[in-house]
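> build me a model:
(chains A and B)
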Amino acid sequence: MSITKAAFLIHLQTLTRSLRRPLLPPPPFSSSLRHFSFATQEEAAAERRKRKRRLRMEPPLNSFNNNRSPQQQQQQQISRPIQNPNIPKLPESVSSLAGKRLDLHNHILKLIRENDLEEAALYTRHSVYSNCRPTIFTVNAVLAAQLRQGKCGPLLRLHGFINQAGIAANIVTYNLIFQAYFDVRKPDLALEHYKLFLDNAPLSPSVATFRILVKGLVDYENLEKAFEVKEDMFVRGFVADPVVYGYLMMGFVKKGDGDGVVRLYEELKEKLGGFVEDGVVYGQLMKGCFLKGMEGEAMEFYEEAVGEESKVRMSAMAFNYVLEALCENGKFDEALKLFDRMKKEHSPPKRLVLNLGSFNVIVNGYCGEGRFVEAVEVFWQMGEFRCSPDTLSFNNLMNQLCENGLLAEAEKLYGEMDEKKVKPDEYTYGLLMDTCFKEGKIDEGAAYYKTMVESGLRPNLAVYNRLQDQLVKAGKLDDAKSFFDMMVSKLEMDDEAYKFIMRALSEAGRLDDVLKIVDGMLDDESVKVSEDVQEFVKGELRKEGREDDLQKLMDEKERLKAEAKAKELEAAEAKKRSTNITIASLIPSKQEDEKGEKVKMLWDNNGVAEEIDVADVVAQGEEAGVVAQGEAPGGSNGLAPP
Amino acid sequence: MSSLMAIRCVQTKKILTIGSLLHLRSFPPHLYASNSISSRSLSTSASTTNDYRQNPHSVSSYQRPNPSPRFDSQRFQNQRYSPNHINPQTPQQQGGYNNQVNYQNQNIQQSKEIASPTIEEIVRLCKLRRYKDAIDLLDQGATPDKDCFSLLFESCANLKSLEHSKKVHDHFLRSIFRSDPKLNNVVISMFGECNSVTDAKRVFDHMPGKDLDSCHVMMRVYSDNGMGDEALQLFEEMGLKPNGETFVAVFSACASVGAVKEAFLHFDSMRNEFGITPRKEHYLGVLDVIGKCGHLVEAEQYIRGLPFEATGEFWEAMRSYGVIHGDIDLEDYAEEMMVELDPSKAVTNKIPTPPPRSYREKSMVASKSRILEFRNQTIYKDEAKEMAAKKGAVYIPDTRCVLHDIDEEAKEQALLYHSERLAIAYGIICTPPRKSLTIIKNLRVCNDCHNFIKIMSKIIGRTLIVRDNKRFHHFSDGKCSCGDYW
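I've put the predicted structure just below:
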């Protein structure tokens, strides 16, 4: 009995408890509630059969009367009722993962391990058009790998494709999709999909579903909805999950509502029978107490969680939250003591107490105390505990160092990133560049910018503007011009950016360069030379009395363009003529002109088809819009709402 | 009605002329003493034979003794087999089937020429994994014994060939062991292996002396074929007192239909109602239910909450769920635990896991990320181009190729049935992914099909080689070798 009670959502207790509890108001999400808690096996079986009937599934073989002849059985099997195609498909069971399809699954897993996700996704797609359709498990493997690598755009595209291909999603797929929508900062879409899932999918959610949803909603500061999801969880017969409560408490801590945190803790305690075994809530609880100014109580809870005789099960995350609570509330010595204990207890793989987060928290703690040397020291201890820092950790520490004028230290860390095979991102470079500028090292800052662009990263216009500003201020006009030349072909600049460099050039008296820039703008089809810019350039030229030059330039351009057009037309004409000749041999001369015209149109048609990139015809589903927006932030670690 | 009868009679006759002597043999001996064997009398006799099935249909609608040879098996199970009652009125058929039927009287006619193979030979072939050859020996008149039959059944299960299974089963039914419960259990699992639940169920329904083992085997067959619901129903209607083994089968049934909650109910009833103390395999069974349904978080919780220290097997199971559901991190962690607990299972040739790009869960500094300050929100030119290129790439039917005077919609419809498209569609569904297809057509390919195939080749990722009556077109990656000139 212990197992069912202690460990899992057995629903039996929930059941009995939910019977005793007054009925909860129905959550606003679920239009059709499906209760999955049963008192007896018979009830469960009846519900199962009912569900199958609802899905028009074939009745079980032996539901036929046993005394009927086998022939009739056969006949009945053949005359199956016509299935309604609108009924949602049940996902395939694990037993379908056999034979060729299992081989495919293993092949895809291998590709994923080799981190060739593009090929994995493509092969999965291509397999749909073959005699070996991928199972939903294979698809999930690809989706999970894409999510893990932060490739949300391709993930959503693949999901849309799978939907179209009629491969029924299982709970793992849904969880991945919810997470993906949160990762691309679309909590509304995630909720919408959740609603669709509840209404249509012939599945029940898992604890992971609620965790993902609540975490995501809390991250996007939508506590209200998060609460609704939590209530939904009980309606569906789940046992209160401490992790979900932990996330909710985190939301209250963020809002600075200490009472709310404690209230949630009390609720959870009551639901779990007076004691919360999972340590994940205690860190948040301490933060809540600190918020209320009840330091004594916070330390009591601390004792309860990590004391000698504590029965609370502390995972790495639970420890991290406690550490964070201590660090943020001036108990750094206590935190260090706990950290030392954690280091001692850590013995992977059996007991995992430390992870990357623990080090990040302690590093922040040291920095908060102004003990930067020790912070860097702790940071490098990570390797001894099989934790490897990621870009975010590096950025975090470097940020703190830079803010406190320790650029040299930060640069040392930047040097180490390469050794550790951690790729710096836009933030890293931007931070270093800005700090260099602050210290007056303009050239070095510019060098960081150059490295960043050369390594394929895509800083935004703001970073570029800061760079130009500094370069011009420092009088390095040539450098500024060369950076402009480098970026103008890549970045879509706005008028201000153009004006800025032109102003700088004209101030230096290099009007020819200004005109060259305008020339470039006119050549580039994707850039429109606005009235504003024209006025500006004219104004600049006027100073030198060369205001006609712009008009001249623009007229010249017009003329060139017209010429090019004429040439094109001529070429088309020639093509038409040659087509006419070929056609002429095939069709009676009477209809020649007419037919010739027709064929030419066809040719045009073909030409267009050629140019079009057909790659994503399949992805043209509903996701297309999302994908476009989702791609950009896909790789970022942080989920901070914009 | 009369015409219907005629057809039926013809069918019956056909069965006779095809000469399945087995059908005749299946009748009670006294019928053979009666004179003629007209189809009419045959049908009546058949229905009388089958009275015990309480056939609600009239005699005429049930005149055929058997619609397919598969049904022989049941009848054989329920009727006494008597080798000496050979119908004297069908001598010409008898000759052809001597060696099949009369393996107990092997001295007749042809059998003399070939010395019938011995059991040892069958066993030898089975051991050499030449299963098909071994099964062929049965046709040559071999008479296997109990062990040999069980070996043959296993061979069929290995072959996964329903055809061979049925053949061996037919021989088995004609042997003296046909009511042996143990062998029947093997037969059930053999049919299960061949994915023929219907056959397994039929054997199960008609076997005498069903015991708990048979139920277990049957339940397992159901679960292996993804019909866990039926297995659970069988469990409910079993009427025998279940033992520990039964519940293992119950859990595997639950796993195959994803009935998590039901599994827990059964787990409780196992302890409370039947007084069976759960053992490791039961915990493994429940874990299987949770893990196979994709509730990986719960599965891990379950392992951690076990009343005893989880052994390597649990982590091995956990690892397999990671593999099934594609959770690399879980797979690696479970493998580590497994190796820790049981170093013999270490995997040597593993590809190292690529590091994840986002440590969403455990970073603890996520809220401090300000990446957006620096990352592009403005669009880069190449991105803009890409996005523009994605728009508008759709197939639009080009109805100018349809010359009939019909409305636009009908023209589009007509395009759908051009033979090369049908050929490609068929080719796709019956070949492995990325295999190139060659299609040969004796007419010129139309413009619309050409466009269609171009787009198709890109989407399905295959090279499509289409020959029309003038030339070959090699379509690959959205382009055609003819350069759109043909």
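
> and the strands in the stretch 351-486 of chain B?
Assigned by DSSP state E, counting those that start in this stretch, the stretch 351-486 of chain B shows strands spanning B:437-440, B:464-467, B:472-476, B:479-480.

> how about those, which one is nearest residue A:481?
Nearest of the strands of the stretch 351-486 of chain B to residue A:481, taken as Cβ to Cβ: strand B:479-480 at 41.6 Å. Glycine gets a C-beta too; all of them are placed from N, C-alpha and C.

> just checking: what are the partner strands of that closest one?
The strands that strand B:479-480 pairs with in its sheet are strand B:472-476 (antiparallel) (by DSSP bridges).

> give the buried residues for the strand it pairs with.
B:473, B:475, B:476 (16 or more other Cβ atoms under 10 Å in any protein chain shown).

> what about the first one, distance to residue B:483?
Shown here: residue B:473 relative to residue B:483, a distance of 10 Å by Cβ to Cβ, to the nearest Å.

> can stretch A:337-352 be said to contact chain B?
Yes - Stretch A:337-352 comes into contact with chain B (Cβ under 8 Å from any Cβ of the partner chain), by way of A:348, A:349, A:350.

> end to end, how far does that stretch reach?
18 Å (Cα to Cα, to the nearest Å).

> state the mean pLDDT of it.
For stretch A:337-352, the mean pLDDT works out to 88.

> buried stuff in it?
By neighbour count with 16+ other Cβ under 10 Å, stretch A:337-352 contains the buried residues A:338, A:339, A:342, A:346, A:348, A:349, A:352.

> distance of the fourth one from chain B?
Remark: distance between residue A:346 and chain B (Cβ to the nearest Cβ, to the nearest Å) = 14 Å.

> again, but for the second one
Counting by Cβ to the nearest Cβ, the separation of residue A:339 from chain B is 13 Å.

> can you tell me the SS state at residue A:310?
Three-state call for residue A:310 (DSSP: H, G, I helix; E, B strand; the rest coil): coil.

> who's in contact with it?
Applying Cβ atoms under 8 Å, 6 or more residues apart in numbering or on different chains, one finds that residue A:310 lies in contact with A:303, A:304.

> what's the pLDDT at it?
Predicted confidence (pLDDT) for residue A:310: 85.

> what does residue B:20 give?
36.

> what of residue B:345?
84.

> same check, this time on residue B:372
So residue B:372 comes in at 69 (pLDDT).

> do residue A:207 as well
91.

> which ones are touching it?
Here residue A:207 is in contact with A:9, A:238, A:241, A:243, A:244, B:295, B:297, B:298, B:301 (criterion: Cβ under 8 Å, 6+ apart).

> neighbour-wise, which one of those leads?
Tallying neighbours with other Cβ atoms under 10 Å in any protein chain shown puts residue B:295 at the head of these, with 28 neighbours.

> may I have the phi/psi pair for that one?
Here is the backbone geometry of residue B:295 (degrees, to the nearest 10): phi -90, psi 70.

> looking at it, residue A:286 is touching residue A:325, isn't it?
Yes - using Cβ atoms under 8 Å, residue A:286 is in contact with residue A:325, at 4.0 Å.

> and these two? which has more neighbours close in?
More neighbours surround residue A:286 than the other of residue A:286 and residue A:325, with 29 against 26 (other Cβ under 10 Å).

> need the mean per-residue confidence for stretch A:240-259.
Taken as a whole, stretch A:240-259 has a mean pLDDT of 93.

> could you list the buried residues of it?
Of all the residues in stretch A:240-259, those buried under the rule 16+ other Cβ under 10 Å are A:240-253, A:257-258.

> ditto for stretch B:126-144
So, applying 16+ other Cβ under 10 Å, buried residues of stretch B:126-144: B:126, B:131, B:134, B:135, B:136, B:137, B:138, B:141, B:142, B:143, B:144.

> residues touching the first one, list them.
Which is residue B:126. Per Cβ under 8 Å, 6+ apart, neighbours of residue B:126: B:134, B:151, B:152, B:154, B:155.

> repeat for the last one
Contact criterion Cβ under 8 Å, 6+ apart gives B:119, B:122, B:138, B:152, B:171, B:175 as the residues in contact with residue B:144.

> for residue A:296, what are its contacts?
Neighbour list for residue A:296: empty [criterion: Cβ under 8 Å, 6+ apart].

> ok so, going back, now, the buried residues of stretch B:126-144 that are in helices?
Mapping those onto helices (DSSP state H) picks out B:126, B:131, B:134, B:135, B:136, B:137, B:138.

> does the second one really touch residue B:160, like I thought?
No - contact between residue B:131 and residue B:160 fails when scored by Cβ under 8 Å: they sit 10.4 Å apart.

> tell me the confidence at residue B:366?
64.

> whoops, I mixed them up, residue A:554
84.

> ok, and the closest non-adjacent residue to it?
Among residues not flanking residue A:554 along the chain, residue A:522 sits closest, at 6.9 Å (Cβ to Cβ, 6 or more residues apart in numbering or on different chains).

> the one you found: what's it in contact with?
Contacts of residue A:522 (Cβ under 8 Å, 6+ apart): A:529, A:553, A:554, A:557.

> and the pLDDT at it?
84.

> cool, and the one 3 residues further on?
Note on residue A:525: pLDDT of 77.

> before we move on, what about the one 5 residues further on?
Here, the pLDDT recorded for residue A:530 equals 84.

> and chain A, is the helix or strand in which residue B:250 is found touching that?
Element membership for residue B:250 (DSSP states H and E) is helix B:244-257. Yes - Helix B:244-257 comes into contact with chain A (Cβ under 8 Å from any Cβ), by way of B:255, B:256, B:257.
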